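Chemist: what's the 3D shape of this:
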Amino acid sequence: KEVAEFEADSSPQAYEKMVDRYLQSPRYGEEMGRHWLDVARYADTHGLHLDNERSMWAYRDWVIKAFNANQPFDKFTVEQLAGDLLPNPTQDQLIATGFNRCNVTTSEGGSIEAEWVYRYAVDRTSTTVQTWMGLTGGCAVCHDHKYDPLTTREFYSLYAFFYSAADPGMDRNTNTTDPFFKLSTAEQKAAMTKLQADETVAKQQLEAAAARVTYSDPADAQPPPAKQPVRDVWLDDLFPFGSKATCSSRNNSVWATAPEVDPPLGRRVLKQFGAANYHDKFENSLQPFVIPENPKIGVWVRLDEYEPSQTLSLELITSRGNRRFLWGDPKNYGAAVTDKSWLGETPPPNQWVELVIASDKLDLQPGDTVRSVTLAQFGGVAWWDGLRITGDVNPATDLRSSFVSWWRERAGKETPGIPGELATLLKAGPTPARSASEGKPEDKKADELRDKLRQFYLAFVARASDAEIQQRQQAWLAANAARTLLEEAIPGTFIFKDLDKPREAFVMLRGQYDKPGEKVEPNVPAVFPPLKVTRSVSEGTRLNRLDLANWLLAPDHPLTARVTVNRFWQQLFGTGLVKTSYDFGSQGEPPSHPELLDWLAIWYRENGWDTKALVRLLVTSATFRQDTRVTPDLLRVDSENRLYARGPRFRLDAEQIRDNALYVSGLINLEMGGRGVKSYQPPNLWEPVGYSDSNTRFYLQDHGPAIYRRSIYAFLKRTAPPPFMSNFDGPNREQFCTRRERSNTPLQALQLLNDTQHFEAARAFGERILSEGGATAEERITFAYRATLSRSPKPEELVVVKRALDQYLQRYRDDSTAAKQVVSVGESKRKTNHPDTELAAYTLIANLILNLDETVMRN
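Modeler: Below you'll find the model as predicted:
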């Protein structure tokens, strides 16, 4: 279609109009952003030790948005280096500071906080110097730079700009390491304010109702009260009030809501996933878990349609010992499994099923207490909801009916969720009520505290027997759940901030974090123009990152504009005017066209750092628009095309190859932004590099439209990047990368032929060829060429491809089973009813054309 539109435009500006159309496309920002994310070392995990997930995708989206909005590069620079220091920074400006939170981090046991604070500052300094100045500043960490005019003292003066970062040396293995910024919309902020107020009011009303009720302890009743049936909910929408919840990933438990899954009860469910024993455990609940008479435990479970769990487990740690109950393959839990603990097969996938543990299987006595509850699954994905226990209790001794019994049971123990004075009283144990006539102030105070403890018990611990308390409890729980759901639904991102009180910076002798030498202040190397402060400062005020950013953009700075336009040139022409785009120092290669580099740098700066205008200038130039064909003589003289006597020709990057196949096939999902997605991947790539309690130990593929999104949105685990990227020289993003290498390996050819994503794209493209390509084989082959290569096949090519098609058709007529296998690759549904034999043959033709050298090259 695009080729036809271009061919139909006979105006002299047809090419320029096409360029302008592409510059306005959202795809422009994704393509430009992809290169910047290499520089920023963006990834979705911390990178070291557990390599757990981190929430940074908002920074990636900000980069794409900035390029699409054509944000001037000077503003683009300032917001990333010092957005937090701008007056009244906006949400976008804070997100932009994520540039200096993209570095790898750790929380490995035995690590030294001070060492990692130092390492992070060194990384940020080196990355900033290389990104904007094209210098290998990290070479001056231990000693003066051996080749460039940068001393160790000058490096640490630059380092002083970043050494006061507020983020900790230990990232805590969480995806919300501070400074962490919640990405609330105005509507969400207003809603959160209202929900917090609603929760406060609901709690106050519950406490007031508990203060009004007339309570008679059933332990004192004569005659003793009769047994009562109870139904205690242990898990529904929230963990029990006052409990401590942990999960095997050392991270927050994962909750899911509609539309991901429809909860059978309430508004959300607990989600578990992973190829081994992933668990969620809650313990020390303020509301005691007590075993009633004739107990029966029930829980709702749903297994994933694509990856159902192999085994499900519910474990109780009780005052009578541990009890574990299993469904599914018991071998995953070893030889200790007995007939009593194994309760049957796992339920069928993709439906909610109630699992029940009957009284005879529990092997517990009335009054036994449950100290913790663990829900676990082995392999795949499972959702849990509505865990509860039913039975009969004796109110006189039941901990949730009798205040005195509960107080007696908690004596000498720590109980979570209770205010200070009441916690002390509860731990001390029951005391008799005093007579008000005695009139001693201390007795009156003790009685008041006792009354408050009883009111607390009635409001937050006891089963509500009073109608008003029951109503108020439900209202408070609903308000608590609503606030929690919104709070957890609001995403966030890492941002960069400084400590309120700056750290003192020193030259670290030989680059050792614990060997400080001479004290240094933030400053810039002497070989460059001095830093002129443009803001109003008082005497003794330190230079900051905003000053550094403005210095990098100053008209007399010799490197920033040159380094930047050189990278854009490299992106479009394959090689920069300075080939060593990462090193403009004396060990780098001099520019092939120094005057052109100077002119472009000045033009870029004087035209307001307008990146779209620069890109348009480059791609509409006669140099870029040359034919890529080369003569033997020219190839011998200039094999790398450094003289630019022909147009640029080089292999596409990994993301471009994958995205091109998806686009041609019609499978591509152009949704923008959001969390990283996990498409097809060979098994057991994450596991060998994953620690047992890492939340990225196991690769859980996404399903549906998500797996066809553009590659810039692929989830990138640093210790095991997506193989389609690694095979085609994509960086692991552990450090700054300004130039990708281009290798040529057999594994690349095998991936293009056999990778599930690529082969599925060929199958979908085969359907397009059959549906849109015409009636004859020749018409269809011509359509495939034009859709893929933007040209028609040569006569000799048509003959070769037609011969291959005839062979494939005959092969699959003779082997219908093989044809069925070919057309069944991938999750996408077939859109046509073409016979398997015909579609299989055209799938291989599509696969052949998608694998042509011309398809994966920039021509």
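Chemist: ok, E7 - how many residues close by?
Modeler: Neighbours of E7 under the rule other Cβ atoms under 10 Å: 10. Glycine gets a C-beta too; all of them are placed from N, C-alpha and C.
Chemist: For the helix or strand that contains W406, give the mean pLDDT please.
Modeler: Element membership of W406, judged by DSSP states H and E, is helix 403-410. For helix 403-410, mean pLDDT rounds to 91.
Chemist: residues of that helix that come out buried?
Modeler: Using 16 or more other Cβ atoms under 10 Å as the test for burial, helix 403-410 gives F403, V404, S405, W406, W407, E409, R410.
Chemist: Contact partners for R629?
Modeler: Neighbouring residues of R629 by Cβ atoms under 8 Å, 6 or more residues apart in numbering: R646.
Chemist: the helices in the stretch 51-200 of the chain, which residues?
Modeler: Taking DSSP state H, counting those that start in this stretch to define them, one finds helices in the stretch 51-200 of the chain at 57-68, 73-82, 91-96, 113-133, 152-159, 186-212.
Chemist: Now mean neighbour count and distance to T843 too, for these, in CSV please.
Modeler: CSV is the format used below for those (neighbours: other Cβ atoms under 10 Å; distance: least, Cβ to Cβ, whole Å):
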stretch, mean neighbour count, distance to T843
helix 57-68, 23, 33
helix 73-82, 23, 44
helix 91-96, 22, 43
helix 113-133, 21, 44
helix 152-159, 24, 56
helix 186-212, 15, 46
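Chemist: Ok, which of those helices comes nearest V520?
Modeler: Closest approach to V520 among those is made by helix 152-159 (4.8 Å; Cβ to Cβ).
Chemist: how close does T131 get to K281?
Modeler: 44 Å (Cβ to Cβ, to the nearest Å).
Chemist: what's near enough to touch the closest residue to A475 other than its chain neighbours?
Modeler: Of all residues beyond its chain neighbours, the one nearest A475 is A202 (4.8 Å), with distances taken as Cβ to Cβ, 6 or more residues apart in numbering. By Cβ under 8 Å, 6+ apart, the contact set of A202 is R472, A475, W476, A478, A479, N480.
Chemist: mind checking how far the third one is from R41?
Modeler: Taking Cβ to Cβ as the criterion, W476 is separated from R41 by 46 Å.
Chemist: packing partners for the helix holding W406?
Modeler: Applying 3 or more Cβ pairs under 8 Å, 6 or more residues apart in numbering; DSSP states H and E, we find helix 403-410 packed against helix 420-428, helix 441-460.
Chemist: which strands and helices sit next to the first one?
Modeler: I take that to be helix 420-428. Packing partners of helix 420-428 (3+ Cβ pairs under 8 Å, 6+ apart): helix 403-410, helix 441-460.
Chemist: Quick one: residues in contact with the longest one.
Modeler: Contacts with helix 441-460, where a contact means Cβ under 8 Å, 6+ apart, come from 206-207, 209-211, 213, 215, 241-242, 286-287, 403, 406-407, 417-419, 421-422, 425-426, 431, 433-434, 436, 464, 466, 469, 472-473.
Chemist: For the contacts of A202, which single residue is the most surrounded?
Modeler: Greatest neighbour count in the contacts of A202, by other Cβ under 10 Å, goes to W476: 24 neighbours.
Chemist: hmm, back to that, I'd like the helices of the stretch 51-200 of the chain as a markdown table, with distance to E293 and mean pLDDT appended.
Modeler: Below are those laid out as a markdown table (distance: least, Cβ to Cβ, whole Å; pLDDT from 0 to 100):
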| stretch | distance to E293 | mean pLDDT |
| --- | --- | --- |
| helix 57-68 | 52 | 98 |
| helix 73-82 | 65 | 98 |
| helix 91-96 | 56 | 98 |
| helix 113-133 | 53 | 97 |
| helix 152-159 | 68 | 98 |
| helix 186-212 | 28 | 95 |
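Chemist: Please identify which of the ones you listed is closest to Y699.
Modeler: Y699 lies closest to helix 57-68 among the helices of the stretch 51-200 of the chain, at 17.8 Å (Cβ to Cβ).
Chemist: counting residues per strand, which one in the protein is longest?
Modeler: Of all segments of type strand in the chain, defined using DSSP state E, the longest is strand 381-393.
Chemist: For it, name the packing helices and strands.
Modeler: Packing partners of strand 381-393 (3+ Cβ pairs under 8 Å, 6+ apart): strand 228-235, strand 269-273, strand 293-303, strand 369-378.
Chemist: now do 7 Å
Modeler: Where contact means 3 or more Cβ pairs under 7 Å, 6 or more residues apart in numbering; DSSP states H and E, strand 381-393 is packed against strand 228-235, strand 269-273, strand 293-303.
Chemist: Not counting the last one itself, show me its contacts.
Modeler: What it means is strand 293-303. 227, 261, 264-265, 309, 312, 314, 346-347, 349, 351-359, 362, 364, 366, 380, 382-392 (Cβ atoms under 7 Å, 6 or more residues apart in numbering).
Chemist: so for stretch 848-859, what's the average pLDDT?
Modeler: Here stretch 848-859 scores 94 as its mean pLDDT.
Chemist: Which of the helices and strands packed on helix 420-428 has the highest mean neighbour count?
Modeler: Using mean count of other Cβ atoms under 10 Å, the stretch among those with the greatest mean number of neighbours is helix 403-410 (a mean of 20).
Chemist: per-residue pLDDT, V637?
Modeler: Note on V637: pLDDT of 92.
Chemist: I'd like to know how many residues surround the residue lying closest to it once chain neighbours are set aside.
Modeler: Spatial nearest neighbour of V637, excluding adjacent residues (Cβ to Cβ, 6+ apart): L643 at 7.9 Å. For L643, the neighbour count with other Cβ under 10 Å is 11.
Chemist: Same check on D217?
Modeler: For D217, the count of nearby residues is 16 (other Cβ under 10 Å).
Chemist: can you give me the strands in the stretch 551-700 of the chain?
Modeler: Along the stretch 551-700 of the chain, the segments classed as strands by DSSP state E, counting those that start in this stretch run 650-651.
Chemist: ranges for the helices of it?
Modeler: For the stretch 551-700 of the chain, the helices defined by DSSP H, counting those that start in this stretch occupy 560-573, 594-606, 611-619, 632-637, 654-665.
Chemist: Show the secondary-structure elements that the second one is packed against.
Modeler: Read that as helix 594-606. Identification of packing neighbours for helix 594-606 by 3+ Cβ pairs under 7 Å, 6+ apart yields helix 560-573.
Chemist: One more: the third one?
Modeler: Here helix 611-619 is seen to pack against helix 14-23, helix 560-573 when contacts are counted using 3+ Cβ pairs under 7 Å, 6+ apart.
Chemist: Off-centre distance for that helix?
Modeler: Distance of helix 611-619 from its chain centroid, counting by Cα atoms, centre = their mean, to the nearest Å, is 32 Å.
Chemist: so what are the domain limits for the protein?
Modeler: Domain assignment for the chain by automatic domain parsing gives 2-179+501-637, 186-211+467-490, 229-392, 402-465.
Chemist: Need the ones you listed in CSV (columns: distance to A762).
Modeler: Shown next, in CSV, are the domains of the chain (distance: least, Cβ to Cβ, whole Å):
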stretch, distance to A762
domain 2-179+501-637, 21
domain 186-211+467-490, 39
domain 229-392, 22
domain 402-465, 58
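Chemist: With D836 as the reference, name the closest of those domains.
Modeler: Relative to D836, the nearest member of the domains of the chain by Cβ to Cβ is domain 229-392, separated by 23.4 Å.
Chemist: before we move on, back to that, just the buried residues of the contacts of helix 441-460.
Modeler: 206-207, 209-210, 213, 241, 286-287, 403, 406-407, 417-418, 422, 425-426, 434, 464, 466, 469, 472-473.
Chemist: ok so, going back, the helices and strands packed on helix 420-428: which one's closest to E187?
Modeler: Closest to E187 of the helices and strands packed on helix 420-428 is helix 441-460 (Cβ to Cβ; 31.6 Å).
Chemist: on that earlier part again, ok, of the buried residues of helix 403-410, which one's closest to C737?
Modeler: Nearest to C737 among these: R410, at 57.6 Å, using Cβ to Cβ.
Chemist: Okay then, goodbye and thanks.
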